[in-house]
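>>> For reference, the sequence and a predicted model appear below.
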Amino acid sequence: MILPEKIDIKILEKNENFMKFIISNINPVIANTIRRILISEIPIFAIDDVIILENTSILNDEILAHRLGLIPLKSDPAYSLKDRDKIAIRLSLNVSADEDKRTIYSGDLVSDDPHIVPVYKNIPIVKLERGQKIVLEAYAKLGVGKEHAKWQAVSTATYKYKPKITIDLKKCEICGDCVRVCPKNILFLDKDKIEIKNEMECNLCEACIEACPVKAIKVIGDEENIIFTIETTGSLSAEDAFYKSIEVIREKVNQFVEELKKIRKGENK
């Protein structure tokens, strides 16, 4: 594998938790490495230990703790797994249904750290009937997705090759078969020729190629220009998650180089 001298990134769409962009001059190996790191090795906070002091709700203690663990928490990209044994954020829940039944939401959790809080305040945890009560302490710790899904920073991390569609106008008989079978409605008839719109939306299914009786249309994926789509759970922004994945890759490469140096020193003795 030859690493490129220069990598270009072009943002196609972006908001707080979502980012779609093109990375140019890379190969599928690097792209898949980034994808795997995003899914499994970005450290974020999630509730890991729960101490239940009182629970008279319909949920068993174990189920209640499990539901708490799956509530996404805001995290800080400055933290790494090196900090996991040093930091535990306490969140408390002390709620009761004194007068009427009520639903307990993630927003009822009170955190000792104002920066490490539930991403969404409206996630239902449990319904309490009149007279029921929950008192507990929960501790959020750092972890990564390969250990448990609750530490997975992204809900989507996918890539595809940039599509390139060409139509041989000399061969094309304007039959419209390719237009009818395209699932993404990328092709359309414009007077006496087939036009292409929103080429980026092509999923490379090649249905148009199969439908064309004279093979006038070609669809290829450019392996050096890759379209990435990242959507996070809200623990980190999409941009922070991407930068964090590059940081993790850099750390792994540095560690690999250091191990090679140790081996060489051993051989030279």
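Here it is on my side, so go on.
>>> and stretch 117-127, C-alpha only, in CSV?
This file holds the C-alpha atoms of stretch 117-127, laid out as CSV (Å, rounded to 0.1, in the frame of the first residue of the first chain):
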residue,chain,number,x,y,z
VAL,A,117,-24.9,15.0,30.9
PRO,A,118,-27.5,13.1,28.8
VAL,A,119,-27.4,14.2,25.2
TYR,A,120,-31.3,14.2,25.1
LYS,A,121,-33.5,15.0,28.0
ASN,A,122,-36.6,13.2,26.7
ILE,A,123,-35.5,9.6,26.7
PRO,A,124,-38.0,7.6,28.8
ILE,A,125,-36.4,5.4,31.5
VAL,A,126,-39.4,4.0,33.4
LYS,A,127,-43.0,4.8,34.4
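>>> Flag every buried residue along that stretch.
Residues of stretch 117-127 classed as buried: 117, 118, 119, 123, 125, 126 (neighbour count, 16 or more other CB atoms under 10 Å). Every C-beta, even on glycine, is put in place using the N, C-alpha and C of the backbone.
>>> what's the answer for stretch 51-59, then?
52, 55, 57, 59.
>>> Pick out whichever of these sits closest to residue 81.
Ranked by distance to residue 81 (CB to CB), the buried residues of stretch 51-59 are led by residue 52 at 27.7 Å.
>>> so what's that closest one up against?
Residue 52 sits next to 61, 64, 65, 134, 135, 136 when contact means CB atoms under 8 Å, 6 or more residues apart in numbering.
>>> Could you rerun that using 10 Å?
60, 61, 62, 64, 65, 68, 93, 134, 135, 136, 137, 138 (CB atoms under 10 Å, 6 or more residues apart in numbering).
>>> Residue 185 reaches residue 196, doesn't it?
No: Residue 185 is beyond contact range of residue 196, at 11.0 Å (criterion: CB atoms under 10 Å).
>>> Compare those two (neighbour count), which wins?
Between residue 185 and residue 196, counted using other CB atoms under 10 Å, the more crowded position is residue 196 (17 against 10).
>>> The more buried one contacts residue 189, doesn't it?
No: using CB under 10 Å, residue 196 is not in contact with residue 189, being 11.6 Å away.
>>> So which other helices or strands are in contact with the longest helix seen in the chain?
Using DSSP state H, we find that the single longest helix of the chain is helix 238-268. Secondary-structure packing of helix 238-268 (3 or more CB pairs under 10 Å, 6 or more residues apart in numbering; DSSP states H and E): strand 8-14, strand 18-24, helix 28-40, strand 154-167, strand 217-232.
>>> hmm, try it at 8 Å
Packing contacts for helix 238-268, counted by 3 or more CB pairs under 8 Å, 6 or more residues apart in numbering; DSSP states H and E, involve strand 18-24, helix 28-40, strand 217-232.
>>> Work out the gap between that helix and the centre of the chain.
22 Å (CA atoms, centre = their mean, to the nearest Å).
>>> and it, average pLDDT?
The average pLDDT within helix 238-268 is 89.
>>> list the buried ones in stretch 252-268?
Buried, per 16+ other CB under 10 Å, within stretch 252-268: nothing.
>>> Verify the contact between residue 46 and residue 138 for me.
No: counting by CB atoms under 8 Å, residue 46 stays clear of residue 138, with 10.0 Å between them.
>>> Quick one, grab the pLDDT at residue 2.
Looking at residue 2, its pLDDT reads 51.
>>> Could I get the contacting residues of the residue nearest to residue 156 when sequence neighbours are not counted?
Nearest non-adjacent residue to residue 156, counting by CB to CB, 6 or more residues apart in numbering: residue 231, 3.9 Å away. By CB under 8 Å, 6+ apart, the contact set of residue 231 is 17, 18, 19, 154, 155, 156, 157, 238.
>>> Alright, I will stop here.
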